[in-house]
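A.B. asks: Next one to model:
(2 chains)
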Amino acid sequence: MNYRLLSKLIGLQLWLLGLTQLVCLAFAWWDAKGHPASGAVDALSISVGIAAGIGTLLLILGRGSGAEILRKEAIAVVGLSWLICSAFGALPYLLCPPRLGPVEAWFESMSGFTTTGATAIADLNQWPRAILLWRALTQWLGGLGILVLFVALLSSLGVGSKALFQHESTARTGAGSVQERIQDLALRLWQIYFGLSIICILGLILLGMSPFESACHAMAAVSTGGFSPRNESIAAYHSLPIELWISLFMLLGGGSFLLYAWLIEGRWERWRMEEETKVYLAIVAIAAAVIAVDLWIVEGHHTVGSAAREAFFQVASILTTTGFTTADFDRWPTLSRLLLLLVMAVGGCAGSTAGGIKVSRLIFFFRTIGQEIVHAYRPNRVFVLRLNGQVVDEPVKLQTLLLVALAGLTVVLGTLCVALFEPELGMDSCLSATIASLFNVGPGLGAVGPTQNFGHLGAGTLAILSLLMLLGRLEFFAVLVLAAPALWRKY
Amino acid sequence: MNIVIAGLGEVGRHLAGSLVSQGHALSLIESSETLAHDLGQRVDARVICGDASSIMTLAEAEVADAELFLALSGDSDANMLAASLAKALGVKRTISRVHPRVQQEEWLFDYRKHFGIDYLFSTQRLAAVELAKHVRNPEGLVVEEIARGRIEMQQVSVPAELSLLGKPLRELQWPPRVRIGSIQRGDRLFVPTATDTIEAGDLITLFGEPLVLAELASRLRIGGEAEGQANVVIFGGGDYGFSLAQMLEGGRQRVRVFERDPKLCRRLSETLKHTVVIEGDATSVSQLKEEQVGGADFFIAATEDDEDNVMTCLQAKNLGTRYCLTLVHRADYADVISRDSQQLRIHAAVSPREAALRDLQRYISRERSNTVLTLSGGAEVVEATIPLSGKVTGRKVSEVRWPEGIVLVAQLHGSAALVPGADDVLAAGDTIYALVSANARRAFARLLQD
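C.D. replies: Numbers count the residues shown, from 1 in each chain, chains lettered A, B, ... in the order given. As a prediction, this is how the structure comes out:
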């Protein structure tokens, strides 16, 4: 293991975090003029200092490392840097009054970077706006991935940059996905991401939201994070245009950024071949329709319009694993609640900022099941698996099945652990907390429902949920390898 | 005519034999010494032992003075190289045998123009065209392909109960780019005009793209309803089986391919989207039974092995397959099988070599206008090249005054073939095919004079 290289890359990331916090610090200065003095300036100054100090130390330690990164280092960097970044990201919550406890702060930070959007903060009004900006920025950075940003900006990473990219982003790994230089691709994805965020902010300002809240909501929507600077989330605005605009950008964030890159280049034929996005949109439409009907008929007090409006926004928010709320869906009929739980697991498309199992994997999964059923009575028939018109290799198929199985297993084990640590919680709360964390959604049902928060959970539970978020965001392998002893030894 | 042939395999040898007997002067280039020696004994021609893609060999064969150069070896790339070099050295016309892949890609890239080759063919594809013809119209009266297999001619006898009986032709709702060439009513055969009608019992000759035509012909035969899908089983997913499956799939045929090689199976299932690929050996009866081959409409044996082909055909026939077709590679077997096909109950035996020979003969003997096939009743399908300057060159089809008794049925422009419509332009160098009744033959020739 090339520890120097590891140290250098992580040092660089701490510098980036420090710079981002510096932006928040500047905002805190500017903001403090009109408000009673807050602890935000002090807290952020200390935090920036620590990040820059340790970052510099790591950079010095990493001096003279070869620039080229190999697969082994790459995968170790991905897992490690997420753990370390989330720890440093927790500093502002820890230092700024009204302080969070260490585990709560780490949970909040991890929830931000993994774009989960589950919060341990009970009342956001007590926190200075600069800290809320930092909260939104962590989601924005984590949405596409800090390392993907590195791959885009640093040209010296060499072959390992492909591994970095693959383990941090969820871009499809099937055939014909990545034909170009990985650096160009990463740069293009970030450009699209940045562009979408800017458009979203401007739109929200035009729709009457304040610039600060627009920025926070836009960053949380495009990254499918779900942190809102308001306690009531999007429900606070009671505005249909705002809900529609945010839904649009949540759905865009949950779509494939690779597809956008192709469409921007004018390669429209890709749209004809595209299956994943079409299935994704179909799931949104069907789930929203079913829930709307369920709300309208079973829960009498909705009109058709309001039922459709709530159902659509909530499906868009939950399917893309954002987690904004306009309605207390915990009080919805059981069918609707279960359907929401189901779409949490689905998530967005491959190559999006969303979490979840991803639509393309589910398509694979069901196609493979179909093929195996045929194989049971016709063993000699030869099948190939296609997605978006491209043939998928056998190893990818196997990985996909494994990942779906792993996700299922993790949900079961995670629920068990949560139940162990939280004896008071009901079954739906335990299950939904696990699912909402693992698939980076945010709000669950019951005690962790849309009007609740995670602050009342014990430290052990929060730590487990944080770990689940990381597992879900990095899609298991980049985290699990850290526990493999052979990774750290010489072969 | 001075002709040079490079690569003397099965196809080359037989072509050489028949060309010599037609009185052409031949030079043969063959790289295998034993084969070259053997040829020298058996064929009355100059035999050069060497590599046809070397300039020295080509110069020795005096290709500069030859009118025709044929590269017929089994190696597609070497053939194209040799033909291209020969063209550069001054041969008037070059022909190259290629891998079917090259022909499949012709719509993407103009190989012929790039390499300076006048005519590309692949024996695998020609054999597949032949087999596909049988599948599309098993009991068909006459099915012929013209314009290199992309336009087909079918004869259909009109049943008594058909809604379109008695209506003038111009009022019929035909699919686009389909033409009625001729109508035979009783003993009289005529080329119809827009005001003629179709009567029960007529024998009509249709021209069009194979898929469109097959659909239309079946609708006509059974009175308006489309027939169900035919169930086709192909044994062997090599170049022959692949080409055939590609031609048939997506049409009115449901295609299954048996192939033994797992790698090839995977490649087949990646390329053929509407074909079911089965990794298995059709020589095993149990596998045939398991795949219910007995219930299939067609069994086509298309492996490289004649014995396997014939035996599996017999097997399939025994299980109850309606039509069994086979490829026969060895010339010695081909005769026996086609002669005894009634006893063997094999519906048709197609020889790639024969198919290639016929195709080449047709190309070599091509003149400005030349009869492609003759129909009963004296009408002919005539192939002609549009002259550089003449009465029809550069005009739209509708602007030409076509003499009575002539129907334009196909046009080859570059590598695109179609049934020309009123607005299509006849460009110099295009090949056109027309159905010409016996008394209009001279008028047709006059029309195409320079």
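A.B. asks: switch to C-alpha atoms for all contacts and neighbour counts from now on
C.D. replies: Noted.
A.B. asks: Contact partners for the spatially most central residue of chain A?
C.D. replies: Residue closest to the average C-alpha location in chain A (C-alpha atoms, centre = their mean): A:T115, at 3.3 Å. Contact partners of A:T115, counting by C-alpha atoms under 8 Å, 6 or more residues apart in numbering or on different chains, are A:139-140, A:142-143, A:220, A:223-226, A:322, A:354, A:440-441.
A.B. asks: what residue ranges in the stretch 251-400 of chain A score low on pLDDT?
C.D. replies: For the stretch 251-400 of chain A, no stretch is flagged by pLDDT under 70.
A.B. asks: could you dump the contacts of A:T115 to JSON lines with distance to B:A66, neighbour count and secondary structure?
C.D. replies: Formatted as JSON lines, the contacts of A:T115 follow (distance: C-alpha to C-alpha, whole Å; neighbours: other C-alpha atoms under 10 Å in any protein chain shown; DSSP: H, G, I helix; E, B strand; the rest coil):
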{"residue": "A:Q139", "distance to B:A66": "76", "neighbour count": "30", "secondary structure": "helix"}
{"residue": "A:W140", "distance to B:A66": "74", "neighbour count": "29", "secondary structure": "helix"}
{"residue": "A:G142", "distance to B:A66": "72", "neighbour count": "26", "secondary structure": "helix"}
{"residue": "A:G143", "distance to B:A66": "70", "neighbour count": "29", "secondary structure": "helix"}
{"residue": "A:A220", "distance to B:A66": "77", "neighbour count": "34", "secondary structure": "helix"}
{"residue": "A:S223", "distance to B:A66": "72", "neighbour count": "37", "secondary structure": "coil"}
{"residue": "A:T224", "distance to B:A66": "73", "neighbour count": "37", "secondary structure": "coil"}
{"residue": "A:G225", "distance to B:A66": "76", "neighbour count": "39", "secondary structure": "coil"}
{"residue": "A:G226", "distance to B:A66": "79", "neighbour count": "36", "secondary structure": "coil"}
{"residue": "A:T322", "distance to B:A66": "76", "neighbour count": "37", "secondary structure": "coil"}
{"residue": "A:A354", "distance to B:A66": "69", "neighbour count": "37", "secondary structure": "coil"}
{"residue": "A:N440", "distance to B:A66": "76", "neighbour count": "38", "secondary structure": "coil"}
{"residue": "A:V441", "distance to B:A66": "77", "neighbour count": "35", "secondary structure": "coil"}
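A.B. asks: Turn those into a markdown table, columns for distance to chain B.
C.D. replies: Below are the contacts of A:T115 laid out as a markdown table (distance: C-alpha to the nearest C-alpha, whole Å):
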| residue | distance to chain B |
| --- | --- |
| A:Q139 | 41 |
| A:W140 | 40 |
| A:G142 | 38 |
| A:G143 | 35 |
| A:A220 | 41 |
| A:S223 | 36 |
| A:T224 | 36 |
| A:G225 | 39 |
| A:G226 | 41 |
| A:T322 | 37 |
| A:A354 | 31 |
| A:N440 | 36 |
| A:V441 | 37 |
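A.B. asks: Most widely separated two among these?
C.D. replies: A:W140 and A:V441 (14.9 Å; C-alpha to C-alpha).
A.B. asks: circling back to that earlier point, just give me the closest of the contacts of A:T115 to A:V448.
C.D. replies: For these, the nearest to A:V448 is A:V441 (11.8 Å; C-alpha to C-alpha).
A.B. asks: and the closest one, how far is that from B:I204?
C.D. replies: Distance, A:V441 to B:I204, using C-alpha to C-alpha, to the nearest Å: 68 Å.
A.B. asks: cool, and A:A287?
C.D. replies: 56 Å.
A.B. asks: Same question for B:G166.
C.D. replies: For B:G166 relative to B:I204 (C-alpha to C-alpha), the value is 14 Å.
A.B. asks: Let me see the backbone angles for A:T334.
C.D. replies: For A:T334, the backbone dihedrals (degrees, to the nearest 10) come out as phi -60, psi -40.
A.B. asks: which element is whichever residue of the stretch 201-350 of chain B sits closest to chain A on?
C.D. replies: Closest residue of the stretch 201-350 of chain B to chain A, C-alpha to the nearest C-alpha: B:I278 (4.2 Å). B:I278 is part of strand B:275-279 when elements are defined by DSSP states H and E.
A.B. asks: which secondary structure elements does that strand contact?
C.D. replies: Helices and strands touching strand B:275-279, by 3 or more C-alpha pairs under 8 Å, 6 or more residues apart in numbering or on different chains; DSSP states H and E, are strand A:381-382, strand B:253-259, helix B:262-271.
A.B. asks: what about that strand, average pLDDT?
C.D. replies: Averaging pLDDT along strand B:275-279 gives 93.
A.B. asks: picking that back up, could you let me know which of the contacts of A:T115 ends up closest to B:R322?
C.D. replies: Nearest member of the contacts of A:T115 to B:R322, counting by C-alpha to C-alpha, is A:A354, at 55.5 Å.
A.B. asks: Buried deepest among the helices and strands packed on strand B:275-279, which one?
C.D. replies: Across those, averaging neighbours per residue (mean count of other C-alpha atoms under 10 Å in any protein chain shown) puts strand B:253-259 on top, at a mean of 25.
A.B. asks: and after the helix or strand containing A:I286, which helix or strand comes next?
C.D. replies: Using DSSP H and E, the element containing A:I286 is helix A:276-298. Using DSSP H and E, the next helix or strand after helix A:276-298 towards the C-terminus is helix A:304-319.
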